[in-house]
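Following is a predicted model, sequence given first.
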Amino acid sequence: MDWLRKHAGQLKLAGKILLGLYVAACAFLYFDQQHLEYTPVASTDQPRDYGLKGFERLTLTTSDNQTLIAWYKKAAPLHPTLLYLHGNLGNLGEFANRYKILSANGDGVLAVDYRGFGASTGSPTEPGLIIDGETAYNALIAREIGLSHIIIYGHSLGSGIAVALAARHRVAALVLEAPFSSAVDVGAYRYPEFPVRDLMRDQFRSDLRIGKVKCPILIMHGTDDKTVPYQFGKRLFDLAPQPKDMFTFPGDGHDLLPAPGVAGKLEAWLSARVPLSVPDPTGTGSTLDPSQEE
């Protein structure tokens, strides 16, 4: 007790210093969270720079006047088109091998760089990225691709955009690779010592949106995923409505699609869940009833 009384002033000062450091760390997380959540890399690359045959470079304009760059390959007859929403790394070129895999059997692919990524203008935010996904979806509708021929594919960060789109629009299927229940769940897991749920602006609450999806859902997740731990993909699957399937890959990490056998399982699932035996039935009514919208 004598020691405590003797050093009470020093202990109080140390406590104030620690509290000040904690508050400063919280402030850093709050004001710098955009750089922590998004890691875009500028690029002016073309599809041909990555050996992507049959792909063209598109320029899309969003409803809030941002310019997006997209790479597009038209589907072969009786094949669907995948709207590919990439993860939080770099730009379109980082995922070029994925477009090769997804289009190898004749499927079409439209992959878009979100605002602030690659050569797209603007800065990334959750509302902005969802607008970017809407813009890409509308680009497919403008090309008279029927709703039963559009598949939304979201990887990691892209899964948050994909769920938001599928919750609002009619599509043939929703494929989610290494998805999260919400971005804030992952943030709170990574920084348990901070009040992440109170600080994080772009929370991507897929857990609140997945119940509005009206198409077949496939979730693929590796049990050794260090970026988005498996538990968050499993949580999203548990919340998802039927029809749904989940492919679990023991020992695999965050980058599943290029792994041996994964593309084959995906193709088999799509063939079973999205059978295409007639030409592209282009139609209207892409948006769900207002009661089904967010």
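All right, it came through fine.

All the strands of the stretch 101-250 of the chain, residue numbers only.
108-112, 150-155, 173-177, 217-222, 244-249 (DSSP state E, counting those that start in this stretch).

would you list those in JSON lines and tack on mean neighbour count, distance to residue 128 and mean pLDDT?
Placement of C-beta: from N, CA and C, glycine included. Listed next are these as JSON lines, based on neighbours: other Cβ atoms under 10 Å; distance: least, Cβ to Cβ, whole Å; pLDDT from 0 to 100:
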{"stretch": "strand 108-112", "mean neighbour count": "26", "distance to residue 128": "12", "mean pLDDT": "98"}
{"stretch": "strand 150-155", "mean neighbour count": "27", "distance to residue 128": "16", "mean pLDDT": "98"}
{"stretch": "strand 173-177", "mean neighbour count": "26", "distance to residue 128": "21", "mean pLDDT": "98"}
{"stretch": "strand 217-222", "mean neighbour count": "24", "distance to residue 128": "25", "mean pLDDT": "98"}
{"stretch": "strand 244-249", "mean neighbour count": "16", "distance to residue 128": "29", "mean pLDDT": "98"}
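
Nearest to residue 257, out of these?
Comparing the strands of the stretch 101-250 of the chain against residue 257 with Cβ to Cβ, the closest turns out to be strand 173-177 (6.2 Å).

which helices and strands does the closest one pack with?
Other helices and strands packing on strand 173-177, by 3 or more Cβ pairs under 8 Å, 6 or more residues apart in numbering; DSSP states H and E, are strand 150-155, helix 157-168, strand 217-222, helix 262-273.

at 6 Å instead, please
strand 150-155, strand 217-222 (3 or more Cβ pairs under 6 Å, 6 or more residues apart in numbering; DSSP states H and E).

re earlier: make JSON lines from the strands of the stretch 101-250 of the chain and add distance to residue 87 to it.
What follows is the strands of the stretch 101-250 of the chain, written out as JSON lines (distance: least, Cβ to Cβ, whole Å):
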{"stretch": "strand 108-112", "distance to residue 87": "12"}
{"stretch": "strand 150-155", "distance to residue 87": "5"}
{"stretch": "strand 173-177", "distance to residue 87": "9"}
{"stretch": "strand 217-222", "distance to residue 87": "13"}
{"stretch": "strand 244-249", "distance to residue 87": "17"}
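
for the nearest residue to residue 156 once chain neighbours are set aside, what are its contacts?
Spatial nearest neighbour of residue 156, chain neighbours left out: residue 87 (3.5 Å); criterion: Cβ to Cβ, 6 or more residues apart in numbering. By Cβ atoms under 6 Å, 6 or more residues apart in numbering, the contact list for residue 87 reads 155, 156, 157, 158.

can you do 8 Å?
Shown in contact with residue 87 (Cβ atoms under 8 Å, 6 or more residues apart in numbering): 95, 155, 156, 157, 158, 178.

now the helices and strands packed on strand 173-177 in JSON lines, with distance to residue 163?
Output for those, formatted as JSON lines (distance: least, Cβ to Cβ, whole Å):
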{"stretch": "strand 150-155", "distance to residue 163": "7"}
{"stretch": "strand 217-222", "distance to residue 163": "9"}
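
quick one: contacts for the closest residue to residue 273 other than its chain neighbours?
Leaving out its chain neighbours, the residue that sits closest to residue 273 by Cβ to Cβ, 6+ apart is residue 216, at 4.2 Å. Counting by Cβ under 8 Å, 6+ apart, residue 216 touches 172, 173, 174, 243, 244, 245, 273, 274.

From residue 148, how far off is residue 216?
To residue 148, residue 216 is 12 Å away according to Cβ to Cβ, to the nearest Å.

any shared contact partners between these two?
With Cβ under 8 Å, 6+ apart as the test, residue 216 and residue 148 both reach 172, 274.

Quick one: neighbours of residue 100, just the number.
17 (other Cβ atoms under 10 Å).

Surely it is within a helix?
Yes: counting by DSSP: H, G, I helix; E, B strand; the rest coil, one finds residue 100 located in a helix.
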